[in-house]
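In: sequence first, predicted model second:
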Amino acid sequence: MGVSIQPYSGASVDPGDVHAKQGNTITWQNTLNTQVVIQIPDSRIFGHPITQSIVPGSGFTSPPVEQDCPNGTYEYSVYCSAFSAGHRYAIGHSGPKIIIP
């Protein structure tokens, strides 16, 4: 399963939803010219919460979805670094989801 992190509006990101099954891995590819951070707080998906930075042009592949992960929809977050008037801040897009059918 693959997710390409694309620009949305200005410096925000739109990674989109991803469908995966138990045992699948998910790869997020950073196509932006700034670092992004992925946060997956629900430990039922991969066995532990994930916070992962991805530098421009790189990717991150998750561990396999747990075999006992309940079917459902799980929100995750992706943030990108942006600069405005010399201040650094994170911008996200509303709740992309990992969907386990």
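Out: Arrived safely, thanks for sending. Just so we're clear, the structure is a prediction, and the values are computed from it rather than from any experiment.
In: give me the pLDDT for H87.
Out: H87 is assigned 48 on the pLDDT scale.
In: show me what contacts the most centrally placed residue in the chain?
Out: Residue closest to the average C-alpha location in the chain (C-alpha atoms, centre = their mean): I38, at 4.2 Å. I38 makes contacts with 28, 50-52, 54, 60, 76-78, as judged by C-beta atoms under 8 Å, 6 or more residues apart in numbering. Every residue, glycine included, has its C-beta placed from N, CA and C.
In: repeat that for 6 Å
Out: 28, 52, 78 (C-beta atoms under 6 Å, 6 or more residues apart in numbering).
In: give me the element the first one is part of.
Out: Mapping W28 onto the secondary structure by DSSP states H and E places it in strand 27-30.
In: which residues of this structure score low on pLDDT?
Out: For the chain, the stretches flagged by pLDDT under 70 are 1-14, 81-94.
In: if we go to 90?
Out: Counting by pLDDT under 90, the chain has low-confidence residues at 1-17, 29-37, 56, 77-97, 101.
In: verify the stated contact: I26 with P63.
Out: No - using C-beta atoms under 6 Å, I26 is not in contact with P63; the gap is 9.4 Å.
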